[in-house]
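Undergrad: Pasting the sequence and the predicted model now:
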Amino acid sequence: MEDVKIDKKLDIRGVVCPYTLVKSKLAVESIEVGQILEIILDYPEAAGSIPKAMLNYGHAVLKVEKINPKEWIIQVRKEVED
Amino acid sequence: MEFSEEQLKRYSRHIILPEVGGKGQQKISAAKVLIIGAGGLGCPVGYYLAAAGVGTLALVDNDEVELSNLQRQIAHSVKTLGVNKADSAKQTFESLNPDVNVVAIRERINSKNILDLIKDYDIIVDGTDNFPTRYLINDACVMLKKPLVSGAILRFEGQVTTILPGDGPCYRCLFEEPPPAGLVPSCQEAGVLGVLPGVIGALQATEVLKLIIGKGTPLKGQLLIYDALGVNFRKVKIPKNAECPMCGKDPKITKLSDTPEQYCSI
């Protein structure tokens, strides 16, 4: 069951690297520390690279889930100011 | 400011850098930088700042493009021979990045016009190579408290320093007065390796971008000296001079002056 409160949702289905990361980074910048961003995407490499990049930026990755054969959901909690 | 899809692509490598991000890129887009001299140094500085998306980029130069400039002044071309250098560089930078408002100022900088020219800009870049103008720019920037990124080149050696008035030394803390004319050879007499202004100009552009985004350590209180032949980068400390005639506690220089000199234009 989903029990985290999502503060912002970002749909980047159809977007490819590196714009998947560009848009995810901008979305994280637009929320406050402690808030949660949920990203839905369908570019397979980004399902691995975005969580890694978010950890490098200092944020927490709460969830990486393949929701169907072509789509993933990633939840990121903003941990540090930009 | 929201980024257009085109801007997201153009600036993607900046936006994904933690030190820049969307916020830093917006600061770059809002910045106003004035480059004095559209020659050897001004060309690469302007080129990279235009590529980076600096919102307003002004170029001050009163000379025209000559064939002997093209060995190092990379914003000009055979198509702009005889054209004013500020205009020639404006064409190049606008075709690289239409986001940038490039302002061509076809004037020779002097004690009468400099304060008016620099007053509306956030950061000033010195791309001239004659000492009287270098000192004039220093003095004007100290008076108006404008950050100044200064570069100089000759033969195989170049220097860079960042002057933050009120927060570190100025050019006159290093040498109070310009050297007498003829003591330091000009580029026309001594030559310069064409790529050298590219190295020094790229370092100046880097300093400008760091100041805009407010990250890293500015090159203040230090002179970075690059020796191309020996492949050495050296940093020499410039102490702040409490007795400096320009930025000391009791400044002797209270107005700007021109020293007529004959120096080459890089």
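TA: Good, I have the coordinates. Numbers count the residues shown, from 1 in each chain, chains lettered A, B, ... in the order given.

Undergrad: Please list the residues of chain A that sit near chain B.
TA: Taking Cβ under 8 Å from any Cβ of the partner chain as the contact definition, chain A meets chain B at A:18-19, A:21-23, A:25-26, A:29, A:53, A:56-58, A:82. For every residue, glycine as well, the C-beta is placed using N, CA and C.

Undergrad: change it to 7 Å
TA: By Cβ under 7 Å from any Cβ of the partner chain, the residues of chain A that approach chain B are A:18-19, A:21-22, A:25-26, A:29, A:57, A:82.

Undergrad: Just the ones of the residues you listed in strands?
TA: Applying DSSP state E to these, no entry is found in strands.

Undergrad: By pLDDT, give me the weakest of the residues you listed.
TA: Across those, no position has a lower pLDDT than A:D82, which has 86.

Undergrad: Now that that residue has come up, it's in contact with B:K23, right?
TA: Yes: the pair formed by A:D82 and B:K23 meets the contact definition of Cβ atoms under 7 Å, at 5.6 Å.

Undergrad: which one of these two has more residues nearby?
TA: Taking neighbours as other Cβ atoms under 10 Å in any protein chain shown, A:D82 and B:K23 compare with A:D82 leading, 18 against 14.

Undergrad: show me the contacts for the more buried one.
TA: With contact taken as Cβ atoms under 7 Å, 6 or more residues apart in numbering or on different chains, A:D82 is in contact with A:29, B:21, B:23.

Undergrad: Need the pLDDT of B:D129.
TA: At B:D129, the predicted lDDT confidence score is 80.

Undergrad: what kind of secondary structure is it in?
TA: Counting by DSSP: H, G, I helix; E, B strand; the rest coil, the backbone at B:D129 sits in coil.

Undergrad: residues contacting B:E64?
TA: Contact analysis of B:E64 by Cβ under 7 Å, 6+ apart lists B:82-85.

Undergrad: Could you check how far it is from B:Q73?
TA: Noted for B:E64: a distance of 12 Å to B:Q73, by Cβ to Cβ, to the nearest Å.

Undergrad: re the thing from before, turn the contacts of A:D82 into CSV, columns for distance to B:L96.
TA: Formatted as CSV, the contacts of A:D82 follow (distance: Cβ to Cβ, whole Å):
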residue, distance to B:L96
A:E29, 27
B:G21, 23
B:K23, 24
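
Undergrad: Render the CA-only coordinates of the longest helix belonging to chain A in CSV, please.
TA: Secondary structure of chain A read by DSSP state H shows that its longest helix is helix A:44-57. Output in CSV follows, covering the C-alpha atoms of helix A:44-57 (Å, rounded to 0.1, in the frame of the first residue of the first chain):
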residue,chain,number,x,y,z
PRO,A,44,15.1,2.0,-19.4
GLU,A,45,18.6,3.4,-18.7
ALA,A,46,17.1,6.3,-16.7
ALA,A,47,15.5,3.8,-14.3
GLY,A,48,19.1,3.0,-13.2
SER,A,49,20.8,6.4,-13.8
ILE,A,50,18.3,8.7,-12.1
PRO,A,51,18.4,7.0,-8.7
LYS,A,52,22.2,7.0,-8.9
ALA,A,53,22.3,10.7,-9.8
MET,A,54,19.8,11.6,-7.1
LEU,A,55,22.0,9.8,-4.4
ASN,A,56,25.0,11.7,-5.7
TYR,A,57,23.1,15.0,-5.3
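
Undergrad: buried residues in that helix?
TA: Buried positions in helix A:44-57, judged by neighbour count with 16 or more other Cβ atoms under 10 Å in any protein chain shown: A:46-47, A:49-51, A:53-54, A:57.

Undergrad: And those residues, which two are furthest apart?
TA: Across the buried residues of helix A:44-57, the longest distance by Cβ to Cβ is 17.0 Å; it joins A:A47 and A:Y57.

Undergrad: B:G22 is in what secondary structure piece?
TA: Using DSSP states H and E, B:G22 falls within helix B:21-30.
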